[in-house]
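1. Got a predicted structure plus its sequence, pasted below:
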Amino acid sequence: MIDKKRFIVSLSDYYELFEIKEDGIYKCIKTVTLEKIEPEKKSEEKEEKKKKKSESDDSDSDAGDSNSEKNINSKISSIALLKDETKVAIGQGSLITIREFETGKLIKTLKKHEGSVDNLFYLNNYLISCCSCNNFCFWDLDTFELKTCLDAEINSP
């Protein structure tokens, strides 16, 4: 729900904006299909860095990059229209993509979550995200930088 007269619905790889009329009838006024993103081709520099890492048996790997490549075109799991209504935040796998609201074109990718991003909303100047592994992240909406990440300790019965 955006406000009393509009709501947004996300589907597999597109979202729709609906308007609620005075008589309670709602109508789709905009459909936006997400721009597909081609995974980055690894440059010689990245290949060389990867080779050095494997030679040194360092425990860090490029798994995050390959995970990002898999998730960038994932189905929409959550969506939030941002404060100026020109951008939308979309949970796609473990990533959050910031896109132009009108076109679905990618602006920025936010990476921090390990699990699927289940909830997105904004409050004041922050985008707040929650994933299936119970992490809450607070992102500055001006810079899209991560400000803090909290691990919600949830006990199961």
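-> Done, it's in.

2. Show me the helices in this structure, by range?
-> 44-56, 63-71 (DSSP state H).

3. Now the longest one: average pLDDT?
-> Helix 44-56 carries an average pLDDT of 50.

4. same deal with stretch 108-117?
-> In this model, stretch 108-117 carries a mean pLDDT of 91.

5. what do you get for stretch 121-131?
-> Rounded mean pLDDT across stretch 121-131 is 91.

6. Can you give me the end-to-end span of it?
-> Stretch 121-131 has its terminal residues 12 Å apart, counting by Cα to Cα, to the nearest Å.

7. Please apply the same query to stretch 89-106.
-> In stretch 89-106, first residue to last residue: 10 Å (Cα to Cα).

8. how far does that stretch sit from the chain's center?
-> 5 Å (Cα atoms, centre = their mean, to the nearest Å).

9. With stretch 11-27 instead?
-> Worked out by Cα atoms, centre = their mean, stretch 11-27 lies 22 Å from the chain centre.

10. Please point out which parts of that stretch sit buried.
-> Of the residues in stretch 11-27, those buried under the neighbour-count criterion (16 or more other Cβ atoms under 10 Å) are 15, 17. For every residue, glycine as well, the C-beta is placed using N, CA and C.

11. Stretch 73-83 too?
-> Across stretch 73-83, burial judged by 16+ other Cβ under 10 Å covers 73-74, 76-82.

12. Repeat that for stretch 24-37.
-> Buried residues in stretch 24-37, counted by 16+ other Cβ under 10 Å: 32, 34.

13. so what's the residue most central in space within the chain closest to, chain neighbours aside?
-> Closest to where the C-alpha atoms of the chain average out (Cα atoms, centre = their mean) is Ile96, at 1.6 Å. Excluding the flanking residues, the one nearest Ile96 by Cβ to Cβ, 6 or more residues apart in numbering is Leu110, at 4.1 Å.

14. got the contact list for that neighbour?
-> Shown in contact with Leu110 (Cβ atoms under 8 Å, 6 or more residues apart in numbering): 95-98, 129, 137, 139, 144, 146.
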